[in-house]
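S.K.: Build the 3D model from these lines:
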Amino acid sequence: MKKRQLFPYSLRRTVLWICFYSLMALSVWGIVNFARQDLSDSSGSIEGQVVLSTDQQRYEVGDEVVFTINNDSASKIFITNDCPQEPLIVYRWNNDMWQRIHEKAPLGSCADQARQVAIDSYDSLSGSYKNWQKLFEEPGIYRIAVVVNGYDGLAFRDIEILQPITTADETAPATQPTLEQQTIEIEDGHDADDANHEEFEPNEGSEVEFEND
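M.R.: Have a look, this model is predicted:
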């Protein structure tokens, strides 16, 4: 009977395991390095401001609300896309306070959309609430706000939703706040909230919607 040669077999197995773990280590290193690069891309020190605007300040019930985010800074910024939930953050003035409201788009309207939407330096991005019309189905004062990933503060825009006008009286109730528009200054030295993202590059001057028709 031929004797088993344990040493050569054990040596081959050891070499195979070394190769396997080396490949695993290289894979992990590549993933970590890629994530760090994404973090660097989205959290660079920049100076400037973000401005949020709408195509109108007052709408009638049923009108489509269109917004635009202007990146008036020297660096790219990133906005989170939460589809099928509404784009950006929406509040309604109710009982003397701001209350956040939500609405979901129809199923299938978010296919192939990136979760992190990029806006290049000195570029703009436009979107529409046509798939979230129920957000504004009641007359009142609404606030739309945008969060810039990795930075403090909000850029927001107040709008008013009116009943279709049937009389000459368009006076808003006295308990409602003053409509206003505000921007945020982008500060240096903040870390990004979310480093794992898919970049979406809008064309200069084009309108980009957060939803698909």
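S.K.: In the protein, what residue spans correspond to strands?
M.R.: Applying DSSP state E to the chain gives strands spanning 48-54, 58-60, 66-73, 77-80, 89-94, 97-100, 116-119, 124-128, 140-146, 155-162, 181-182, 184-186.
S.K.: Identify each buried residue in the second one, please.
M.R.: Within strand 58-60, the residues that qualify as buried are Tyr59, counting by 16 or more other Cβ atoms under 10 Å. (Glycine included, C-beta is placed from N, CA and C.)
S.K.: so where is the chain shaky, pLDDT-wise?
M.R.: 1-12, 28-47, 150-153, 166-213 (pLDDT under 70).
S.K.: at 80 what do you get?
M.R.: Within the chain, the stretches with pLDDT under 80 are 1-17, 19-22, 24-48, 107, 149-154, 165-213.
S.K.: Please, where are all the helices along it?
M.R.: For the chain, the helices defined by DSSP state H occupy 6-42.
S.K.: which one is Asp55 nearest to, not counting chain neighbours?
M.R.: Ranked by Cβ to Cβ, 6 or more residues apart in numbering and with sequence neighbours excluded, the top spatial neighbour of Asp55 is Val66, at 4.4 Å.
S.K.: How much space separates that neighbour from Arg157?
M.R.: Using Cβ to Cβ, to the nearest Å, we find Val66 at a distance of 11 Å from Arg157.
S.K.: The two: who's more crowded?
M.R.: Neighbours were counted for Val66 and for Arg157 using other Cβ atoms under 10 Å; Arg157 has more, 24 against 17.
S.K.: still on that earlier bit, just confirm the residue nearest to Asp55 contacts Thr54, I think it does.
M.R.: Yes: the criterion here is Cβ atoms under 8 Å, and Val66 meets it with Thr54 at 6.5 Å.
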